[in-house]
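**Q** Coordinates for the following, if possible.
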Amino acid sequence: MKPIAVRQAVLADLDEVAVVFDLYRQFQGKAPDLPACRAFLHERFNHGESVVFLAAREGKAVGMAQLYPSYSSTALARVFILNDLFVSAAGRRAGIASALLAAVEEYAWSFGACRISLNVAQSNGPAQNLYGARGWVQDREFFMFHRFPAKS
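**A** This next block holds a predicted model:
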């Protein structure tokens with residue numbers, strides 16, 4: 001099996017990360033828009049609003065994960081939201097998602113985070129299995145609700 005390298009992305013990686021991020025959004029049913037993806041990520045980098053991890057195999061980007069920092073008022077501690085995790089079709093079933101999760105977990109724990117939270121589609125059984133195998137647990141206490149702006 002070819003070795004996988006996972007590292008925290010920096011601004012110099014923007015173009016490479018944007019390509020994988022655009023593929024992720026397409027996987028989520030969105031239209032391709034590489035310029036918008038690049039601009040979105042550039043803003044996150046510029047303002048320190050997220051932490052991005054890049055997975056590569058043989059020097060080619062094959063996956064990414066994006067964490068958003070937050071806090072828990074009740075725990076009085078830092079938390080991270082794992083908002084985006086994606087592995088390209090060519091890289092699946094090779095341990096890349098697990099390697100990305102390991103990097104995310106190591107990063108969060110190094111900052112004293114009390115938890116990392118994520119949402120996963122109910123239809124995404126393989127991802128749910130991976131999370132469970134890595135020790136993630138489904139929330140049994142809280143329901144998630146959303147509020148969207150009214151359509152004009």
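**Q** hang on, isn't residue 85 packed against residue 101?
**A** Yes. With contact defined as CB atoms under 8 Å, residue 85 counts as touching residue 101 (7.3 Å). Where you see a C-beta, it was placed from the backbone N, CA and C, and this is true even at glycine.
**Q** what is in contact with these two at once?
**A** Between them, residue 85 and residue 101 share the neighbouring residues residue 65, with contact defined by CB atoms under 8 Å, 6 or more residues apart in numbering.
**Q** how far out from the middle of the chain is the biggest strand by length in the chain?
**A** Using DSSP state E, we find that the single longest strand of the chain is strand 60-72. Relative to its parent chain, strand 60-72 has a centroid offset of 4 Å by CA atoms, centre = their mean, to the nearest Å.
**Q** That strand pairs with which strands?
**A** Sheet partners assigned to strand 60-72 using DSSP bridges are listed as strand 51-57 (antiparallel), strand 77-87 (antiparallel).
**Q** ok, and which of those strands has the densest surroundings?
**A** Between these, the one whose residues have the most neighbours on average, counting mean count of other CB atoms under 10 Å, is strand 51-57 (a mean of 22).
**Q** Show me what the helix or strand encompassing residue 99 packs onto, helices and strands only.
**A** With secondary structure defined by DSSP states H and E, residue 99 is part of helix 96-110. Using 3 or more CB pairs under 8 Å, 6 or more residues apart in numbering; DSSP states H and E as the contact test, the elements touching helix 96-110 are strand 4-8, strand 51-57, strand 60-72, strand 77-87, strand 115-117, helix 125-133.
**Q** Neighbours of residue 107, how many?
**A** Residues within reach of residue 107, counting by other CB atoms under 10 Å, total 17.
**Q** my read: it touches residue 67, true?
**A** Yes. Taking contact to mean CB under 8 Å, the distance of 7.1 Å between residue 107 and residue 67 places them in contact.
**Q** where do the contact lists of these two overlap?
**A** Taking CB under 8 Å, 6+ apart as the criterion, residue 107 and residue 67 both touch 51, 53, 80.
**Q** For the nearest residue to residue 101 once chain neighbours are set aside, give me its contacts.
**A** Excluding its sequence neighbours, the residue lying closest to residue 101 (CB to CB, 6 or more residues apart in numbering) is residue 134, at 5.5 Å. Listed by CB under 8 Å, 6+ apart, the contact partners of residue 134 are 98, 101-102, 105.
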